[in-house]
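Novice: Quick one: sequence plus predicted model below, questions after.
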Amino acid sequence: MIILLKLIIAHIITDFVAQPNKWVKDKKEKRYKSIYLYLHVMLTGAVTYFILGDPYQWQVPLFIAITHFIIDLWKLHKEDNLIYFLVDQIFHLIVLGIAWLYLSKGFEEVMPVFFEVLNNESTLSLIIAYLIIIWPAGYVIGKATVKWRIEIEALTPERDSLNEAGKWIGIFERLLVMTFVLTDQFSAIGFLIAAKSILRFGDKSSAIQRKQTEYVLVGTLMSFTFAIFLGIITRLIISYYKAYGL
């Protein structure tokens, strides 16, 4: 594991700390013609080689540098947004994982454990629960509250909130609530409700504002109820598997 930690440290240093905005801007403008792209890649290999501290393992820093160049060059031809940034970082982490498995000779040891974890009922139950809480739960709540949303939109034809902000707020609050349930931190749910109440419930002097508040409250309660019940059910399933050694 120490090797993987070293590789991650080297990546953070080279991809974030030691990459000035000037380099990033020049790479976006000139792409493969940017001298800073090649400096960044060479720095990636050099820092990785130095942090690993093994003079005989030069192949791994070279492999990381070459793949880093390919991934960065691909990203420079894509739109500069959050999705491509996350995909870019996932690709880098996959490369680091491969390098770690090679250096630690983990292909024979780690991979069987990895597949054993994936074949574990408790792990699969957690994966299913989190997938449900992100997508199907949002779809169900959206359908359940659609009539009120249409009424609110008819009263306020001009958009007065960020595009899809409510959708992402719902996703993150359900993720947090279910995680709190799974980790037996029920008191934290109360703080989350209080925080959202302060941020979302403002002046209710007009009829439109009262309806908006009621709409938010209904959606919030549905979201929290869904996450709490799914979290409790998932805990019971995991406890059952552990109790019977499944």
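Specialist: Happy to help now that I have it.
Novice: low pLDDT regions in the chain?
Specialist: Scanning the chain for pLDDT under 70 picks out the ranges 106-107, 109-110, 113, 157-161, 198-206, 245-246.
Novice: element containing residue 94, please.
Specialist: helix 82-103 (DSSP states H and E).
Novice: so after that helix, what's the next helix or strand?
Specialist: Where DSSP H and E defines the elements, the next helix or strand beyond helix 82-103 is helix 110-118.
Novice: Report the inter-axis angle for that next one versus helix 82-103.
Specialist: Counting by axes from the mean of the first three to the mean of the last three Cα atoms, to 10 degrees, helix 110-118 lies at 130 degrees to helix 82-103.
Novice: what residues does helix 110-118 touch?
Specialist: By Cβ atoms under 8 Å, 6 or more residues apart in numbering, the residues outside helix 110-118 that reach it are 101, 104, 123-124. For every residue, glycine as well, the C-beta is placed using N, CA and C.
Novice: what does stretch 130-139 give?
Specialist: Contacts for stretch 130-139 (Cβ under 8 Å, 6+ apart): 167, 170-171, 174-175, 178, 223, 226-227, 230.
Novice: and what of stretch 178-193?
Specialist: Outside stretch 178-193, the residues that touch it by Cβ under 8 Å, 6+ apart are 126, 129-130, 133, 173, 176-177, 220, 224, 227-228, 230-232, 234-235.
Novice: Go ahead and build a PyMOL selection from the buried members of those.
Specialist: Paste this into PyMOL to select the buried members of the contacts of stretch 178-193, with burial taken from 16 or more other Cβ atoms under 10 Å:
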select buried, resi 126+129+130+133+173+176+177+220+224+227+228+230+231+234+235
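Novice: Identify the farthest-apart pair in the contacts of stretch 178-193.
Specialist: Pairwise distances across these peak at 24.2 Å for 126 and 220 (criterion: Cβ to Cβ).
Novice: picking that back up, as CSV, the contacts of helix 110-118 with distance to residue 18 would be great.
Specialist: Putting the contacts of helix 110-118 into CSV (distance: Cβ to Cβ, whole Å) gives the following:
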residue, distance to residue 18
101, 26
104, 26
123, 37
124, 40
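Novice: PyMOL command to pick out the buried ones of the residues you listed?
Specialist: In PyMOL, this line selects whichever of those come out buried by 16+ other Cβ under 10 Å:
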select buried, resi 101
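Novice: Now the two most distant members of the contacts of helix 110-118.
Specialist: 104 and 124 (26.4 Å).
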